[in-house]
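Q: Got a sequence here, can you build the structure:
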Amino acid sequence: MIQDIRPDRLDNAYTPRSPGAQDRILVFDGEGRLYVRTGEGGILFATPGEMGTDGAVYLFSVNETGYFLLPENPGIILEGFGYLSIRQLRDLGGGTELFAAFTAWHLWRWYTDNRFCGRCGKRTEVHPTERALQCTCGNVVYPRINPAVIVGVIRGDCLLITRYRTGYAHNALVAGFTEIGETLEETVQREVMEETGVRVRRIRYYKSQPWGMAQDLLMGFYCEAEEGSVIRMDPKELKDARWVRREEIELQPNALSLTNEMMKRFRDGEISGSGD
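A: Reported below is the predicted structural model:
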């Protein structure tokens, strides 16, 4: 999955410091596209010497390399560089730099959405000692993480495969965000019912994944369809929902997502309805 970058190691502790010569500078445009160079070497970010460091905010480190955000786009043009969306970068493949791009996008979105205080409307400033934005009125804002579920619904030797009405075009599983006052298990039941009309039981946790694309933390669950459940697809959310036998499951084009891993494990017989 996208976060599996071993032997590289992410250090997301906030350490206010200035960029060094070997660090990386990340710049986004107004549409959230990242300024990068791509090629056989994968994704390359600008260096402090190329982009400058005025106003740079420390994001995180991978091994000994620090990644910094320039909140204001300096408008510098570098040869071979261009703006690509997170979805476009995702289609290029995986690797440490793609994970860094996803994580940086999550933080850029948070910084951008909280430039002004939601309590008094004044401009916020970067907190001097922790990952937060602060206002003179005393309001302190921390990064937001949205809990969400991915659900593998099993019926015998079949898995419930869906396709979204808009956006991602490949096979997927039922997914949705947790609502206020709701447990994760209740989210699983509600989302499966709302999207497909199927009632489920024997809900069991599988694995989680940070997914900066939607600023969320995905939590994967397997469960079983209740006997007699019939698919009644919500056409506003999905364009397809059907039971697919193991050997007929078509995986996503890359192995970045928790969704793809869950489909693959079921397809390969590593997961069954018995609770394995």
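Q: and this structure, what are its domains?
A: Following automatic domain parsing, one finds the domains of the chain at 10-113, 146-267.
Q: Could you dump these into a markdown table and include distance to His127 and mean neighbour count?
A: C-beta here means a position set from N, CA and C on the backbone, and glycine is covered the same way. Output for the domains of the chain, formatted as a markdown table (distance: least, Cβ to Cβ, whole Å; neighbours: other Cβ atoms under 10 Å):
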| stretch | distance to His127 | mean neighbour count |
| --- | --- | --- |
| domain 10-113 | 8 | 16 |
| domain 146-267 | 19 | 17 |
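Q: Show me the one of the ones you listed that comes nearest Asn139.
A: With Cβ to Cβ as the criterion, Asn139 lies closest to domain 10-113 of the domains of the chain, at 14.3 Å.
Q: in the stretch 151-276 of the chain, which segments are predicted with low confidence?
A: 274-276 (pLDDT under 70).
Q: Helix, strand, or coil at Leu107?
A: helix (DSSP: H, G, I helix; E, B strand; the rest coil).
Q: what's the helix or strand where Thr112 lies packed up against?
A: Element membership of Thr112, judged by DSSP states H and E, is helix 96-113. The helices and strands touching helix 96-113, judged by 3 or more Cβ pairs under 8 Å, 6 or more residues apart in numbering; DSSP states H and E, are strand 24-26, strand 34-39, strand 42-44, strand 57-62, strand 65-69, helix 86-91, strand 200-211.
Q: just checking, what packs against the first one?
A: To tie it back to what came earlier, the one meant is strand 24-26. helix 48-51, strand 65-69, helix 96-113.
Q: cutoff 7 Å now
A: strand 65-69 (3 or more Cβ pairs under 7 Å, 6 or more residues apart in numbering; DSSP states H and E).
Q: Sheet-wise, list the partners of the strand it packs on with their directions.
A: Its sheet considered, strand 65-69 pairs with strand 24-26 (parallel), strand 57-62 (antiparallel) by DSSP bridges.
Q: which residues touch the shortest one?
A: Applying Cβ atoms under 7 Å, 6 or more residues apart in numbering, the contact partners of strand 24-26 are 19, 34, 45-48, 51, 53, 56, 65, 67-70, 104.
Q: Please apply the same query to the longest one.
A: By Cβ under 7 Å, 6+ apart, the surrounding residues in contact with strand 57-62 are 8-12, 14-17, 66-69, 71, 96, 100, 103-104, 107, 126.
Q: before we move on, back to that, and the domains of the chain: which comes nearest Cys137?
A: It's domain 10-113; of those, that one is closest to Cys137 (Cβ to Cβ) at 18.0 Å.
Q: OK, contacts around Asn63?
A: Counted by Cβ under 7 Å, 6+ apart, Asn63 has contacts 8-9.
Q: and Ala241, what are its bridge partners?
A: Beta-bridge partners of Ala241, as defined by DSSP bridges: Thr162.
Q: could you measure it against Met262, distance?
A: Per Cβ to Cβ, to the nearest Å, Ala241 is found 16 Å from Met262.
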